[in-house]
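*Asks:* coordinates only, sequence not included:
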């Protein structure tokens with residue numbers, strides 16, 4: 001079994017073999033055999049026989065595995081092929097590039113979510129402090145009217161206008 005620092009979903013560069021220089025996305029990793037399956041790399045032809053009336057035989061082209069030692073991970077930040085380093089960040093072991101960026105997409109997403117939540121909490125604290133500094137009269141003026149209160153005011157003014165006017169009935173004789 002080989003110690004693997006390449007995961008499926010990584011972009012990697014082939015550094016040796018007939019497809020040297022090609023880049024592709026890692027589709028699968030087999031650590032027991034020390035092989036990876038890379039999209040568009042090491043295409044082989046497989047001759048198949050029709051097994052049933054619905055099956056079609058023929059030559060099928062598909063990717064075959066290549067040795068893990070023949071690929072290098074491409075850093076999404078700097079875009080260069082790199083040897084993968086390991087570092088402990090926030091109590092978790094993560095893969096890192098030479099440039100210092102984290103290669104694990106899942107960890108990067110979690111840290112971005114945590115940063116956004118922290119920023120929201122900070123803005124709420126700042127807004128609360130700003131509200132405390134305003135005088136009580138300004139708080140009432142600054143408070144925006146909701147749709148429900150605006151609708152209640154509109155209904156109240158309509159009922160007052162209709163109550164003030166006397167009801168006049170027109171008969172057919174008047175018309």
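*Replies:* Done, it's in. Bear in mind the structure is a predicted one, so any value in this text is a computation, not a measurement. Numbering: from 1, shown residues only.
*Asks:* state the number of residues packed around the closest residue to residue 98 other than its chain neighbours.
*Replies:* Excluding the flanking residues, the one nearest residue 98 by CB to CB, 6 or more residues apart in numbering is residue 82, at 5.2 Å. For every residue, glycine as well, the C-beta is placed using N, CA and C. Here the count is done by other CB atoms under 10 Å, and residue 82 has 20 residues near it.
*Asks:* wait, residue 82 sits on residue 76?
*Replies:* No: between residue 82 and residue 76 there is no contact under CB atoms under 8 Å: 10.6 Å.
*Asks:* picking that back up, how about the contacts made by the residue nearest to residue 98?
*Replies:* 72-75, 97-99 (CB atoms under 8 Å, 6 or more residues apart in numbering).
*Asks:* and for residue 78?
*Replies:* Applying CB under 8 Å, 6+ apart, the residues contacting residue 78 are 97, 99, 101.
*Asks:* let me know the average pLDDT across the helix or strand containing residue 36.
*Replies:* Using DSSP states H and E, the element containing residue 36 is strand 35-38. In this model, strand 35-38 has a mean pLDDT of 95.
*Asks:* please apply the same query to stretch 87-104.
*Replies:* Rounded mean pLDDT across stretch 87-104 is 87.
*Asks:* straight-line length of it, end to end?
*Replies:* Using CA to CA, to the nearest Å, the end-to-end distance of stretch 87-104 comes to 11 Å.
*Asks:* tell me the buried residues in it?
*Replies:* Of all the residues in stretch 87-104, those buried under the rule 16 or more other CB atoms under 10 Å are 94-97, 102-104.
*Asks:* of those, closest to residue 125?
*Replies:* Of all those, residue 125 sits closest to residue 102, with 28.5 Å by CB to CB.
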